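Novice: got a sequence here, can you build the structure:
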Amino acid sequence: MIKSILSYKCLNSRASWTIRTRVELENGIIACQTVPDGASKGEREAISLPVEQATKNVNTTIASALAGMDPFDQKSIDARLLEIDGTPNKSNLGANSLLSVSLAVAKVAALSMDLPLYEYLKSIYHSPNPLVFPTPLFNILNGGAHARNDLSFQEFMVVPSMGFSYERKVEVGVDCYNALSKKLLENGYSIGVGDEGGFAPHEFTAPKALSYIVDAVSEAGYALGEDVFLGMDVAAGYFYDADEEVYRIKEEDLVLTSEEMVDYYRDLLKDFPIIYLEDPLDENAFDQWSKYHPKLSKNTMLVGDDLVVTNTDELEKALSPQAIDGVIVKPNQIGTLTETLDFVRMAQNSEQVITVSHRSGETAEDTFIADLALAIGAEFVKFGAPARGERVVKYNRILDVYHHEK
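Specialist: This next block holds a predicted model:
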């Protein structure tokens, strides 16, 4: 049974405060969990409260409500959290408060059963499938809200062939990252990095960024379109002008309607092997997503993040009529583990491709989402570049499991 719950603030990778919660059972077993924070947030994400308020809510209201509860009954724990919050967007107690407790309870339960976290999560998800290892989407060049370089598009990624082993996929990401670093330096560009570890050079456009990555892939010794593919997280809502209903790509002096924006992507798809395209349109443009899905999905996978925000209600809207081929899973967008698993189940039942994703603000020891990805059988993971401790620790966690399971 739960003996005590204690929350306090700690630092994340963006030099900001976040919340860490410690759950202790009556048998003396303890587990802690921090909560990530995103710079690029969807409008319909659950509400995170200021850290001081969040920790107070855990240490008073939540700790009292969960004392004596069974940590192995995750659904009841999460249902109680939702009950005492009492709001659809967690604005009362805060999604960060709820999530820190929800995930810490799962961790302490796994420890009590002497199970690796991914095995415990797999058991409560009731997944009958064998363990599979995801393909990392390596964000090696940053723009948007993750950098300060005036590049509108947020993430440019290399995607190793799904036919490679997990270890080989990581090697591919590292090789391409290092080759890009070398190429940027040779051409006089900075190799300073954005929040997620990708390089953030100035005076770049999307075509230029993709061209540099293409050259880096070649210099790393890989065949583009065979060994390595490309992906982008556009986060188009961040350069969408809702008043005039246009997309403003300032570095190219472009002002585009939705149809022109789709034509822009189609031109990129002709020139580059882009198999993954995330948030290409504004999150509030449901009709545009559905309208243009057939035009874009012939050549690439359309993935919703801000569009669906790990929320089953939002996902249902995006599925009828179909607007996406895949979804991003971020537990802190919704607030509890049970809600996250419900979202994944709905997405998988609708044959959506699953990508488990980090946020731009992480803590260096937190590997929960790596275990989550393994537990649910996610096809992809987004942990950032193969650099910076808070990114690398997640890749390494899956490497640990990979070698344990071999």
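
Novice: so for Ala147, what's the pLDDT?
Specialist: We note a pLDDT of 80 for Ala147 in this prediction.

Novice: thought Met386 was touching Asp175?
Specialist: To be clear, residue 386 is Pro; Met isn't right here. No. Under the criterion of CB atoms under 8 Å, Pro386 makes no contact with Asp175, lying 9.3 Å away. Bear in mind the C-beta positions are built from the backbone N, C-alpha and C, glycine included.

Novice: comparing the two, which shows the higher neighbour count?
Specialist: Pro386 (25 against 20; other CB atoms under 10 Å).

Novice: look at that one and report its pLDDT.
Specialist: For Pro386, the predicted pLDDT is 97.

Novice: quick one: it is in a helix?
Specialist: No. Pro386 is assigned coil when assessed by DSSP: H, G, I helix; E, B strand; the rest coil, not a helix.

Novice: ok, and the closest non-adjacent residue to Pro273?
Specialist: Leaving aside its chain neighbours, Pro273 sits nearest to Gly225 (4.2 Å; criterion: CB to CB, 6 or more residues apart in numbering).

Novice: count of residues packed around that neighbour?
Specialist: 14.

Novice: confirm for me that it is in contact with Phe272.
Specialist: No. Look at Gly225 against Phe272 with CB under 8 Å: they stay out of range, at 9.1 Å.

Novice: which residue packs closest to the residue most central in space within the chain, ignoring adjacent ones?
Specialist: The centroid of the chain falls nearest to Ser357 when counting by CA atoms, centre = their mean (1.8 Å). Closest residue to Ser357 apart from its sequence neighbours, by CB to CB, 6+ apart: Lys382 at 4.1 Å.

Novice: phi, psi for that neighbour please.
Specialist: phi -120, psi 110 (degrees, to the nearest 10).

Novice: pretty sure Asn92 is touching Asp85, no?
Specialist: Yes. Counting by CB under 8 Å, a contact exists between Asn92 and Asp85, whose distance comes to 4.8 Å.

Novice: looking at those two, which is more packed in?
Specialist: Neighbours of Asn92 and Asp85, each counted by other CB under 10 Å, are more numerous for Asp85; the result is 24 against 15.

Novice: quick one: contacts for the more buried one?
Specialist: Taking CB atoms under 8 Å, 6 or more residues apart in numbering, we find Asp85 in contact with Asn92, Leu93, Leu98, Gly335.

Novice: drop anything exposed from these.
Specialist: For the contacts of Asp85, a neighbour count by 16 or more other CB atoms under 10 Å gives the buried set as Leu93, Leu98, Gly335.

Novice: show the contacting residues for the second one.
Specialist: Which is Leu98. Ile62, Leu81, Leu82, Asp85, Lys90, Gly335, Thr336 are the contacts of Leu98 under CB under 8 Å, 6+ apart.

Novice: contacting residues around stretch 198-208?
Specialist: Against stretch 198-208 from outside (CB under 8 Å, 6+ apart): 139-143, 146-153, 155-156, 180-181, 184, 189-194, 212, 232, 249, 251-252, 268, 271, 384-385.

Novice: inside helices: which ones of these?
Specialist: Using DSSP state H, the members of the contacts of stretch 198-208 that fall in helices are Leu180, Ser181, Leu184, Tyr212, Leu268, Asp271.

Novice: most surrounded residue in the residues you listed?
Specialist: Going by other CB under 10 Å, Leu180 tops the ones in helices among the contacts of stretch 198-208 with 27 neighbours.
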